[in-house]
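**Student:** Fold the following and give me the result.
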Amino acid sequence: MDIRQAQLATRSLDDTARFWERLGCPVDRADGVVEVVVGSTRLLFRELPGMTGALHLAITIPADTFATAAEWIAEIATVLVDADGRDEFEGPPNWNSRSVYFEGPDEQLLELIERRDLAAAAPASGPASAAPAFASAVPLLSVSEVGIAVPDVLGAVEKLRRAGLEPYANPAGEGFAAVGDVDGLVILVSPERRWFPTADRLPSTAPVVLDVGLDAPVELTPGVLLR
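**Tutor:** Numbers count the residues shown, from 1 in each chain. Sure thing, here's the model as predicted:
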């Protein structure tokens, strides 16, 4: 499941644009929208000053580049740690991944993730394939996770299952489920479940629209659509 495009909210378009430019991503501002190109994914941010909570996005980096990526992101953003002070994390069971989390604009909780089941390769082809090189020596391949708060996680999983998407790696739970595959995941969480690893922020309930190539759109809650 490739996340081709994500329409998201932000409290500040200016802060969002400046941050992603600092990461070296192509950024365009027009008609009240900030468009960010992250590998093969396009992010479209619209301002919503009254939004609550925090967005969570994960960005896939090539296999065998984790150490370089972790060093690079620490130079340009605040790396986030858990209660024990750890700043590097193995993924959940059966994910075969490793992550570093960092502070994004507008309280976004962002993640660089190395998925070892993906062979080391050049950035994926797609609408961003002609984009300029990133500031990092490590390519950002795609946005491969988008966090979404839903009141009924298992009900949302069933809606996505009917659309052809299955839980990834592990069974879905009442408070957390990852749906999709190693290329792209929708991270479904209950509204009261705080984001890992800091546990200091709740998920945003602002509108989200994801383009993932479904045959028919699926509305998970009002304002949250996969298509």
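**Student:** quick one: the strands in this structure?
**Tutor:** Using DSSP state E, the strands of the chain run over residues 5-10, 27-30, 33-38, 41-47, 56-61, 89-90, 97-103, 109-115, 142-149, 176-181, 184-189, 208-211, 218-221, 224-226.
**Student:** mind checking which of those is nearest Gly155?
**Tutor:** Evaluated over the strands of the chain, closeness to Gly155 peaks at strand 218-221, with 8.7 Å, by C-beta to C-beta. From N, CA and C alone the C-beta is placed, and that goes for glycine too.
**Student:** Pull the residues that contact the closest one.
**Tutor:** For strand 218-221, the external contacting residues (C-beta atoms under 8 Å, 6 or more residues apart in numbering) are Ile148, Val150, Pro151, Ala156, Lys159, Leu160, Arg162, Ala163, Leu188, Leu225, Leu226, Arg227.
**Student:** Let me have those residues in JSON lines, extended by distance to Val138 and neighbour count.
**Tutor:** Compiled in JSON lines, these are given as follows (distance: C-beta to C-beta, whole Å; neighbours: other C-beta atoms under 10 Å):
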{"residue": "Ile148", "distance to Val138": "27", "neighbour count": "22"}
{"residue": "Val150", "distance to Val138": "32", "neighbour count": "21"}
{"residue": "Pro151", "distance to Val138": "37", "neighbour count": "12"}
{"residue": "Ala156", "distance to Val138": "33", "neighbour count": "24"}
{"residue": "Lys159", "distance to Val138": "35", "neighbour count": "16"}
{"residue": "Leu160", "distance to Val138": "31", "neighbour count": "23"}
{"residue": "Arg162", "distance to Val138": "37", "neighbour count": "10"}
{"residue": "Ala163", "distance to Val138": "33", "neighbour count": "16"}
{"residue": "Leu188", "distance to Val138": "28", "neighbour count": "28"}
{"residue": "Leu225", "distance to Val138": "32", "neighbour count": "17"}
{"residue": "Leu226", "distance to Val138": "29", "neighbour count": "27"}
{"residue": "Arg227", "distance to Val138": "31", "neighbour count": "16"}
